[in-house]
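> With the sequence up front, the predicted model follows.
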Amino acid sequence: MGNTHSWIYFALGTMMLWGIWGVLLKFVSTKYSWTQIYVSSNIALIIMVTIVAIIYKPNVFASKTVFLLALFAGFAGTTGYILMVKAFEKGPASLVVALTALYPAVTTILSYIFLGEKLGLQKITGVILAVIAILLLSR
């Protein structure tokens, strides 16, 4: 595949790990409160941040604007995580994960509006088909 497609290995790894993550979150949501899950799982986050900081020594304050946007992205991701754990408390894992997996549709639309990315017929069709898939899965 070469370098131009090396991203696919990261994407496939993400897919697999997030699939495992969804099952584990649903399981622990039947045993723990969302606050216990949130605190417990963020211990892993603290460990990973420490490892990355030690190995790569990033200068996170090189740009105030980029730092604030990255911080906001972190808040959005963390809040989404909390909402997903809350959804797992009440809903089936297969539907919670499927519905939350529609986030690329939001990314596609926002990327068109704010980043100037192209939004062609193929992407619009993909978003529509994803919504149809969720509707079919929910029945």
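That came in fine, so what should we check first? Numbers count the residues shown, from 1 in each chain.
> Could you use CA atoms for every contact and neighbour count after this?
Fine.
> Kindly provide the distance from the residue positioned nearest the centre of the chain to Leu119.
Residue closest to the average C-alpha location in the chain (C-alpha atoms, centre = their mean): Gly77, at 6.7 Å. Distance of Gly77 to Leu119, computed by C-alpha to C-alpha, to the nearest Å: 24 Å.
> now do Ile37
Distance from Ile37 to Leu119, by C-alpha to C-alpha: 38 Å.
> So the two - more neighbours on which side?
Ile37 (16 against 13; other C-alpha atoms under 10 Å).
> Okay, domains of the protein per the record?
According to automatic domain parsing, the chain comprises the domains 3-91, 102-139.
> in the shortest one, what counts as buried?
Think domain 102-139. Residues of domain 102-139 classed as buried: 105, 108-109, 127, 130-131, 134 (neighbour count, 16 or more other C-alpha atoms under 10 Å).
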